[in-house]
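Chemist: Can you look at this prediction? I've put the sequence above it.
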Amino acid sequence: MKKLVYLFLTVLIVGCSSDDNNNSNPIELNPAFVGNWSGYYTGDDFGDVEVVILSNGEVSGTADGEYPIVGSVSENGTLAAGVTINGYNSEWIGTIRTDGTASGTWSGSGFSGTWAGTKE
């Protein structure tokens with residue numbers, strides 16, 4: 001009986017395992033989202049933002065020219081990113097629109113505000 005259980009578990013593990021590096025359904029963003037964006041953030045802190053959105057949804061850039069921004073954009077334009085400014089971590093969420101505008105909110109470490117941007 002133990003051999004049958006081990007055989008079942010082996011088949012289950014092998015049959016259910018997958019290669020996490022093989023994404024068979026990569027996203028392809030609307031071309032209106034892809035490119036260089038610039039803007040600003042305001043609220044409990046303020047400054048300038050520059051990011052690049054790649055066709056696979058990856059977002060990278062800087063706040064105030066030095067603080068890294070890393071995140072992603074979904075196919076429907078929802079942005080989720082993180083940035084650490086002056087030692088404070090914050091989450092940025094919002095919407096990228098096909099008309100070349102973007103906006104949302106940021107919050108973290110007891111601080112919050114809004115952000116907005118345009119495609120260059």
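Modeler: Nice, thanks for sending it over. Numbering: from 1, shown residues only.

Chemist: tell me how far whatever helix or strand G117 lives in is from the chain's mean position?
Modeler: Assigned by DSSP states H and E, G117 belongs to strand 111-119. Put simply, strand 111-119 sits 15 Å off its chain's centre (Cα atoms, centre = their mean, to the nearest Å).

Chemist: Stretch 55-69 too?
Modeler: 9 Å.

Chemist: What's the end-to-end length of that stretch?
Modeler: By Cα to Cα, to the nearest Å, the extent of stretch 55-69 from end to end equals 17 Å.

Chemist: Can you give me the buried ones in that stretch?
Modeler: G57, V59, G61, A63, Y67, I69 (16 or more other Cβ atoms under 10 Å). Every residue, glycine included, has its C-beta placed from N, CA and C.

Chemist: Spatially nearest residue to P26, not counting backbone neighbours?
Modeler: N56 (6.1 Å; Cβ to Cβ, 6 or more residues apart in numbering).

Chemist: did I read that right, the one you found in a strand?
Modeler: No - N56 sits outside any strand when classified using DSSP: H, G, I helix; E, B strand; the rest coil, being coil.

Chemist: can you map out the helices along this structure?
Modeler: 2-16 (DSSP state H).

Chemist: Check the gap between the residue nearest to P26 and R97 for me.
Modeler: Per Cβ to Cβ, to the nearest Å, N56 is found 19 Å from R97.

Chemist: before we move on, what about I53?
Modeler: I53 is 12 Å from R97, by Cβ to Cβ.

Chemist: Name the residue in those two with the higher neighbour count.
Modeler: Taking other Cβ atoms under 10 Å, I53 and R97 do not tie; I53 has more neighbours (24 against 15).
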